[in-house]
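Enquirer: can't give you the sequence, but here's the structure:
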């Protein structure tokens, strides 16, 4: 006989509205059910009603944290249709902004993990060190988030050479702070005991569930689009893919912490090697055809497929964000753990629901679309069904 | 000065409701709490339940699935409660207003006292908006 513990949809620990049901027996979690769909915005249909240029602005708004990743992937897909390559300077500039985004995304996760563990100091530190990175992004692109900086064929604005010393200073400072944070977190016995051996995802399970990004690399799966399918300037700079074999929460945290160090390395080398020249290859017409773009977002591989029918609007724009594949891995992770660890295990994949939400529109006989109330009723019925089963 | 305006005069406690935002606004709200912006110097803090809150901060276009929950949350809040629509999506629906899952914007569903536009609004804009709201109450 198991008890059901609901978490959400508006829970203080979770940033976004989502609903988790934990089936518990005493203190032990037996299974879990996740109900998503509150942030579904109909992005793919909206993308078909906008021109290619407007599309980049739309896909940026899939997620406020990894907006550069989505707009870069969509730009790559359009470039794939036309068959152009961006100039060298654009490739380097894109790489710099993308890695800066990785820095602020991982630091944000470190802060939130501290918040979930009950360490407000870690939260405040993490978010304090994150601010200069946002300043650097604002210096380069003009905005803290949603940069509107990527464009099919290159980037939108050139950068004055005077700002690079300032940005190098910010990165050096960030590097030092990361070292301090790694030392402080890995030396703390309480944090270690909360993370080590908790929520283990085996390598077989990670492959079986199709996990991506730091979630997979924390379980010993050696995948990284930046190395496997070269794009941007990654093949021209020196960096390593971080892989940890253990698969517990500590391994994933270590992957994220060390990846920040690698990102600092990449940015410094890119600024050193930054070539001159034009920043954009003009694209006049987009011919009939299809193109694919995929890149390594902070949470894993982000994938965009665009089909063009020769007009100025895409015929189909398919997007897939990494959290969609990482969320189901919560189930094998949480089995057999205690309730107090459940939210931490859920947060360890760095879930980002706004990337994930999708909905099947059921309209077989021309009936109107299902309303929100119907969906909620369905969800309640499902809960009832599961309740009877247990 | 009545009891209501006296209650609003000092520390406003804020409940943040994400009704389908892309995370950018939510992160800027959390940014306000961290050392650089430090919104707590105005006595504001985020609370975990709307029953403790003076201000209901709604970010995001309102999706159909979250619509009944937005109205329910507003009904659960102890009145009077000030409602703030945050971001372009909260104010007008923004880039998603043509979407099939759009049930908002916020002011169509519940009475709104202040709008903070921007995609996303900067932390300075959020602090400015809420401090102006304090003056209005």
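Expert: Alright, I've got the coordinates. This structure is a prediction, so every number in the text was calculated from the model and none was measured.
Enquirer: ok, which stretches of chain A are strands?
Expert: Taking DSSP state E, the strands of chain A run over residues A:3-7, A:19-25, A:28-35, A:150-151, A:154-155, A:289-297, A:300-308, A:314-320.
Enquirer: Could you dump these into a markdown table and include mean neighbour count and distance to chain B?
Expert: (C-beta placed from N, C-alpha, C; glycine too.) Shown next, in a markdown table, are these (neighbours: other C-beta atoms under 10 Å in any protein chain shown; distance: least, C-beta to the nearest C-beta, whole Å):
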| stretch | mean neighbour count | distance to chain B |
| --- | --- | --- |
| strand A:3-7 | 14 | 13 |
| strand A:19-25 | 18 | 10 |
| strand A:28-35 | 17 | 10 |
| strand A:150-151 | 26 | 16 |
| strand A:154-155 | 24 | 20 |
| strand A:289-297 | 21 | 13 |
| strand A:300-308 | 24 | 14 |
| strand A:314-320 | 19 | 13 |
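Enquirer: Residue of chain A closest to chain B, please.
Expert: Residue of chain A nearest chain B, by C-beta to the nearest C-beta: residue A:64 (2.5 Å).
Enquirer: Correct me if wrong: that residue contacts residue B:26.
Expert: Yes. Using C-beta atoms under 8 Å, residue A:64 is in contact with residue B:26, at 7.4 Å.
Enquirer: Tell me the spacing between residue A:328 and residue A:198.
Expert: Distance, residue A:328 to residue A:198, using C-beta to C-beta, to the nearest Å: 19 Å.
Enquirer: Could you confirm residue B:83 falls within a strand?
Expert: Yes. Residue B:83: assigned to a strand according to DSSP: H, G, I helix; E, B strand; the rest coil.
Enquirer: Enumerate every residue touching it.
Expert: B:55, B:56, B:58, B:74, B:106, B:110, B:111, B:112, B:113, B:114 (C-beta atoms under 8 Å, 6 or more residues apart in numbering or on different chains).
Enquirer: Show me how to select, in ChimeraX, the buried members of those.
Expert: To isolate the buried ones among the contacts of residue B:83 in ChimeraX, judged by 16 or more other C-beta atoms under 10 Å in any protein chain shown, type:
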select /B:55,56,58,74,106,110,112,113,114
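Enquirer: and the two most separated of the contacts of residue B:83?
Expert: Taking C-beta to C-beta, the two most distant members of the contacts of residue B:83 are B:74 and B:114; they sit 15.0 Å apart.
Enquirer: Now do the same contact list for the residue nearest to the spatial centre of chain B.
Expert: Closest residue to the average C-alpha location of chain B: residue B:57 at 1.4 Å, with C-alpha atoms, centre = their mean. By C-beta under 8 Å, 6+ apart, residue B:57 lies in contact with B:14, B:15, B:16, B:17, B:29, B:84, B:86.
Enquirer: wait, the fifth one sits on residue B:86?
Expert: Yes. Because the distance of 7.3 Å satisfies C-beta under 8 Å, residue B:29 is recorded as touching residue B:86.
Enquirer: Mutual contacts of those two, please.
Expert: Joint contacts of residue B:29 and residue B:86 (C-beta under 8 Å, 6+ apart) are B:57, B:59, B:126.
Enquirer: Show the model's pLDDT score for the second one.
Expert: If you check residue B:59, the pLDDT there is 89.
Enquirer: Quick one: residues contacting it.
Expert: B:16, B:17, B:18, B:19, B:21, B:25, B:26, B:29, B:86, B:87, B:89, B:90.
Enquirer: Pull the number of nearby residues for the third one.
Expert: Around residue B:18 there are 27 other residues, counting by other C-beta atoms under 10 Å in any protein chain shown.
Enquirer: Tell me how far it lies from residue A:328.
Expert: Distance from residue B:18 to residue A:328, by C-beta to C-beta: 22 Å.
Enquirer: Could you do the last one as well?
Expert: For residue B:90, the distance to residue A:328 equals 31 Å [C-beta to C-beta].
Enquirer: ranges for the strands of chain B?
Expert: With strands called from DSSP E, chain B shows them at B:13-18, B:45-46, B:55-59, B:82-86, B:114-116.
Enquirer: on that earlier part again, just put the contacts of residue B:83 in CSV and tack on distance to residue A:312.
Expert: Converted to CSV, these look like this (distance: C-beta to C-beta, whole Å):
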residue, distance to residue A:312
B:55, 44
B:56, 42
B:58, 35
B:74, 42
B:106, 33
B:110, 39
B:111, 41
B:112, 37
B:113, 42
B:114, 39
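Enquirer: From the contacts of residue B:83, pick the one nearest residue A:221.
Expert: Nearest to residue A:221 among these, with distances taken as C-beta to C-beta, is residue B:58, at 39.6 Å.
Enquirer: Bridged to that closest one, which residues?
Expert: Taking DSSP bridges as the rule, residue B:58 bridges to residue B:17, residue B:85.
Enquirer: Output the below-cut-off pLDDT ranges for chain B.
Expert: Applying pLDDT under 70 to chain B flags the ranges B:1-9.
Enquirer: Wondering if stretch A:111-127 reaches chain B at all.
Expert: Yes. Under the criterion of C-beta under 8 Å from any C-beta of the partner chain, chain B is reached by stretch A:111-127 at A:123, A:124, A:127.
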